[in-house]
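A.B. asks: no FASTA, just this:
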């Protein structure tokens, strides 16, 4: 099961700051050969902890036991006949039939039999355990937790039970209990890294980053070629704001030939946040050939980062790798594409082309005030103030761009020596941002308007 990509902003330029690992850490592998082996062992009878059996039932079970493996269909038919008759039978038969249904992937029927067995014999430890496994398989961790806790109360001390218990506690947000359960599982199964993985994930989600990193150190030491361990520790470093260490981990994966588009893109973001724009461009350019069609927005974002950091040659190289015929473009993505193309055109002194691209972008997103302000400034540079004023009127309706629009209009009015009108807009800007520089500008415009009169 893939973990979803976690997103939080480290800087304006950085869009994605963690990587996904390929499995759900700490969750027991219910499809493994080891699990099947343990489940098969649960067919046995523990006389001191099981429901009572009469003499006939003992004889039936003795004949049934060897059939469980060699002829399960016959065993199922016999158990079904034993559980539907008028004569009350031991809960053991319901439990064994539940196991067969479980192995046949008939989970609803299996649950019915386990619950019937528990109704007949409430202290039936293994029925509670297997009911917990069944619930965990369907991701019902709340009810799985209840069943597994009951099994432990009745004496189940198997490490796998405690491992499942740890995972259920984790999914329910009981981080301390999850840690205790995983520790108990690890005592008996120190070589089972599922439990150590579970602890690492508990620490990460509980924001105990130092402990998460130390636990991941042990995982990496024990299995250094596991890419997920390096990625998970990278996430912990990022959460702890140890960005240098996070970048180091991703560099290790890159040097080992294990880098993916996602990890290289993240590496570029990390370097950008650290102000290391040369290495950032190297990482972005290395990521580009690995991009899938739905990664186009990330490539556009990386282009924007490189433009803002002055890496114009690299930005152009990266942007040119975005093939309009290959990648999937919805309106939002095409809007971002047009903005980056306009930025590159502007920096290449192709002002008219930049204006054309921004006009096209504004048609895709007519209410984006920042785009309208950028377009207005280009029109100001080309002497078309009339068009600029119209664009600024629209931009002021966007709360996120109102300040920029008002201040841009004020500056245009100042250039036209319309100081009294400019004073009105500087006053509006001052209400939106009372910084020292705006206060100084207001005083200067006020003096200029007074002198003009």
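C.D. replies: Thanks, I have it. Treat the numbers as computed from the prediction; the structure is a model and nothing was measured.
A.B. asks: do a quick rundown of the helices in the stretch 301-450 of the chain.
C.D. replies: 312-320, 331-347, 351-364, 369-381, 385-395, 402-415, 419-432, 436-452 (DSSP state H, counting those that start in this stretch).
A.B. asks: got a markdown table for those, with mean neighbour count and distance to residue 151 too?
C.D. replies: C-beta here means a position set from N, CA and C on the backbone, and glycine is covered the same way. Output for these, formatted as a markdown table (neighbours: other CB atoms under 10 Å; distance: least, CB to CB, whole Å):
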| stretch | mean neighbour count | distance to residue 151 |
| --- | --- | --- |
| helix 312-320 | 17 | 56 |
| helix 331-347 | 19 | 50 |
| helix 351-364 | 18 | 58 |
| helix 369-381 | 22 | 59 |
| helix 385-395 | 19 | 64 |
| helix 402-415 | 21 | 61 |
| helix 419-432 | 18 | 62 |
| helix 436-452 | 14 | 68 |
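A.B. asks: could you dump the ones you listed to CSV with mean pLDDT and distance to residue 165?
C.D. replies: As requested, the helices of the stretch 301-450 of the chain are arranged in CSV below (pLDDT from 0 to 100; distance: least, CB to CB, whole Å):
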stretch, mean pLDDT, distance to residue 165
helix 312-320, 93, 48
helix 331-347, 93, 44
helix 351-364, 95, 52
helix 369-381, 95, 51
helix 385-395, 95, 57
helix 402-415, 93, 54
helix 419-432, 90, 55
helix 436-452, 87, 59
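A.B. asks: ok, and the closest non-adjacent residue to residue 427?
C.D. replies: residue 442 (6.6 Å; CB to CB, 6 or more residues apart in numbering).
A.B. asks: ok, that neighbour to residue 414 distance?
C.D. replies: Computed with CB to CB, to the nearest Å, the distance linking residue 442 and residue 414 is 11 Å.
A.B. asks: ok, residue 160 next?
C.D. replies: Distance from residue 160 to residue 414, by CB to CB: 75 Å.
A.B. asks: same check, this time on residue 132
C.D. replies: Residue 132 is 73 Å from residue 414, by CB to CB.
A.B. asks: before we move on, what about residue 252?
C.D. replies: Distance from residue 252 to residue 414, by CB to CB: 54 Å.
A.B. asks: so what touches the helix or strand containing residue 101?
C.D. replies: Assessed by DSSP states H and E, residue 101 sits inside helix 91-103. Outside helix 91-103, the residues that touch it by CB atoms under 8 Å, 6 or more residues apart in numbering are 39, 42-43, 45, 50-51, 53, 57, 61, 64, 68, 72, 75-76, 79-80, 82-83, 107, 109-114, 116-121, 124, 126-127, 130, 133-134.
A.B. asks: on that earlier part again, so can I have JSON lines of the helices of the stretch 301-450 of the chain showing distance to residue 176?
C.D. replies: Listed next are the helices of the stretch 301-450 of the chain as JSON lines, based on distance: least, CB to CB, whole Å:
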{"stretch": "helix 312-320", "distance to residue 176": "46"}
{"stretch": "helix 331-347", "distance to residue 176": "42"}
{"stretch": "helix 351-364", "distance to residue 176": "50"}
{"stretch": "helix 369-381", "distance to residue 176": "46"}
{"stretch": "helix 385-395", "distance to residue 176": "52"}
{"stretch": "helix 402-415", "distance to residue 176": "47"}
{"stretch": "helix 419-432", "distance to residue 176": "47"}
{"stretch": "helix 436-452", "distance to residue 176": "49"}
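A.B. asks: where does the protein have its least confident helix or strand?
C.D. replies: Across the helices and strands of the chain, the lowest-confidence element by mean pLDDT, DSSP states H and E is helix 33-41, at a mean of 50.
A.B. asks: after that helix, which helix or strand is next?
C.D. replies: helix 55-64.
A.B. asks: report the inter-axis angle for that following helix versus helix 91-103.
C.D. replies: 30 degrees (axes from the mean of the first three to the mean of the last three CA atoms, to 10 degrees).
A.B. asks: what comes up buried for helix 55-64?
C.D. replies: 57, 60-61, 64 (16 or more other CB atoms under 10 Å).
A.B. asks: what's that helix in contact with?
C.D. replies: Helix 55-64 is contacted from outside by 45, 53, 75, 78-79, 82, 89-90, 92-93, 96, using CB under 8 Å, 6+ apart.
A.B. asks: got a PyMOL select line for the buried ones in these?
C.D. replies: Entered in PyMOL, the line below selects the buried ones among the contacts of helix 55-64, by 16+ other CB under 10 Å:
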select buried, resi 45+53+75+78+79+82+89+90+92+93+96
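A.B. asks: can you give me the helices for the stretch 101-250 of the chain?
C.D. replies: 107-120, 125-137, 141-153, 159-171, 175-188, 193-205, 209-222, 227-239, 243-255.
A.B. asks: out of the ones you listed, which comes closest to residue 268?
C.D. replies: helix 243-255 (9.6 Å; CB to CB).
A.B. asks: residue 129 against residue 161, yeah?
C.D. replies: Yes. Using CB atoms under 8 Å as the test, residue 129 is close enough to residue 161 to be in contact (5.9 Å).
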